[in-house]
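**Q** Sequence and predicted structure are below.
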Amino acid sequence: MKALFSFIFFMVLTSTQYSNASPSCYSSIIGFGDSLTDTGNLLCLDLSSNADSPPHFGKPPYGESYFKVPTGRCSDGRLVIDYIAEHLGLPYVKPYIGNKDYREGVNFAMVGATALNTEFFLERGFDDPFTNGSLDVQLGWFKRMISSLSPKSSDELLKNSLVVMGEIGGNDYNHALLAGTNFFEVQSFMHPVINKIGSAITKMIELGAVSFMVPGYLPIGCSAAYLTQLSSPNKEDYDPSTGCLNWLNKFAQKHNKMLRLELNRIQRLYPHTTIIYADFYNAAMPFYRSPKQYGFTSTTVACCGGGGPYNYNSDLLCGDPPSTSCDDPSTFANWDGLHLTDAANRIITKGLFEGPNTIPQINSLCASKSAGSASA
């Protein structure tokens, strides 16, 4: 019960948390995605069925660097969606599960979620070991939420919110790759994954959404989990400047290229909308190439984990005893093998808002929108 009380206390504490940023060009954020974006949905579901046995990401040291308690976020602190909210002067986005007030935004993302439905993987002999929180499931939750609002309220929410569609799709590849599936078979998932993301955006547009931010794939070749599970005896497989696996990063870049083509196609079909590509890959790569410049002593070794060269052990995850955690997560980019630290998420978000890593640049769009509102 202690874990459940801590989670409820956190939800109350942050329900009205704002940053010191200037007033936003959006009224709220609507989130979809996986563990890079989930702000508590899966933890809330797990605690509602078994309050005395939270999942590993619902235990300390998760949350230690900022919220001071585990919140269901797969990090020691804030996620990119939290930092986006701060930059826009909005409250942190509450999870859909257990939330009754959607005026300040809502997050449907779930740890382990895939873009594609479970049936896609079952037909190919794979079983999703985590959740059935696919994009279609999350869209179903969204439609249920919208049906509970008045037509005027739902229209205003959709027109004035920034829809953060992802990151999503990573688990469609992760679950198969980390299980040892043939790489060429996993590559065949890419077109269906991109099509599903495009379909979700189109459905949201048809419901009335007009502003989107769609993150790309991170450089997964730098992930402690992949570096552990898919290690190679060939030095040529690694980038000597970063220690990352080249072939996995090329795979991520291919996904991102296809995603951008799909976003451009949708933008042409719906010119009244704004679709922003968030280049997570190139926002993250600078700290892998020059870690000391960003205050990191390690970028490919996990801060929290079960040991080994990269401190990642799939049989002993962060939060489960006797896993160990580093003394200062702010000096690590990787948190638990698969996810990033608060410090790394902050740098990525800074690249989106203050650097060249949103296309088109979000700050210029906000300025145009604010000017248009002022003259209306």
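**A** Happy to help now that I have it. Numbering: from 1, shown residues only.
**Q** I'd like to know which elements whichever helix or strand residue 214 is part of is packed against.
**A** Using DSSP states H and E, residue 214 maps to strand 211-215. Packing contacts for strand 211-215, counted by 3 or more CB pairs under 8 Å, 6 or more residues apart in numbering; DSSP states H and E, involve strand 161-165, helix 190-207, strand 274-278. From N, CA and C alone the C-beta is placed, and that goes for glycine too.
**Q** Next secondary structure after the last one?
**A** On the C-terminal side of strand 274-278, the closest following helix or strand by DSSP H and E is helix 280-289.
**Q** Let me know the angle separating that next one from strand 211-215.
**A** 40 degrees (axes from the mean of the first three to the mean of the last three CA atoms, to 10 degrees).
**Q** returning to that earlier point: with distance to residue 125 and mean neighbour count added, can I get the helices and strands packed on strand 211-215 in CSV?
**A** Output for those, formatted as CSV (distance: least, CB to CB, whole Å; neighbours: other CB atoms under 10 Å):
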stretch, distance to residue 125, mean neighbour count
strand 161-165, 29, 26
helix 190-207, 16, 18
strand 274-278, 33, 21
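**Q** Can you lay out those as JSON lines showing distance to residue 51 and mean pLDDT?
**A** Shown next, in JSON lines, are the helices and strands packed on strand 211-215 (distance: least, CB to CB, whole Å; pLDDT from 0 to 100):
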{"stretch": "strand 161-165", "distance to residue 51": "29", "mean pLDDT": "98"}
{"stretch": "helix 190-207", "distance to residue 51": "32", "mean pLDDT": "98"}
{"stretch": "strand 274-278", "distance to residue 51": "35", "mean pLDDT": "98"}
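**Q** neighbours around the nearest residue to residue 73 once chain neighbours are set aside, how many?
**A** Using CB to CB, 6 or more residues apart in numbering and skipping residues adjacent in sequence, the residue nearest residue 73 is residue 79, 5.4 Å away. Residue 79 has 30 neighbours, counted by other CB atoms under 10 Å.
**Q** Can you report phi and psi for residue 240?
**A** phi -60, psi -20 (degrees, to the nearest 10).
**Q** Tell me which stretches of this structure form helices.
**A** Secondary structure of the chain (DSSP state H): helices located at 2-14, 41-49, 80-88, 118-122, 135-147, 151-160, 170-178, 183-187, 190-207, 224-229, 246-269, 280-289, 342-353, 362-375.
**Q** between those helices, which gets nearest to residue 110?
**A** When the helices of the chain are compared by CB to CB, helix 41-49 sits nearest residue 110, at 4.7 Å.
**Q** packing partners for the closest one?
**A** Going by 3+ CB pairs under 8 Å, 6+ apart, helix 41-49 lies up against helix 2-14.
**Q** could you dump stretch 262-274 to PDB, C-alpha only?
**A** C-alpha atoms of stretch 262-274 as PDB (Å, rounded to 0.1, in the frame of the first residue of the first chain):
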ATOM      1  CA  GLU A 262       5.300  10.000 -44.100                       C
ATOM      2  CA  LEU A 263       5.000  13.300 -42.100                       C
ATOM      3  CA  ASN A 264       5.600  15.300 -45.200                       C
ATOM      4  CA  ARG A 265       3.000  13.300 -47.100                       C
ATOM      5  CA  ILE A 266       0.400  14.000 -44.400                       C
ATOM      6  CA  GLN A 267       1.300  17.700 -44.200                       C
ATOM      7  CA  ARG A 268       0.600  18.000 -47.900                       C
ATOM      8  CA  LEU A 269      -2.800  16.400 -47.500                       C
ATOM      9  CA  TYR A 270      -3.700  18.500 -44.600                       C
ATOM     10  CA  PRO A 271      -2.100  22.000 -45.100                       C
ATOM     11  CA  HIS A 272      -4.200  23.500 -42.300                       C
ATOM     12  CA  THR A 273      -2.300  21.400 -39.700                       C
ATOM     13  CA  THR A 274       1.200  21.900 -38.300                       C
END
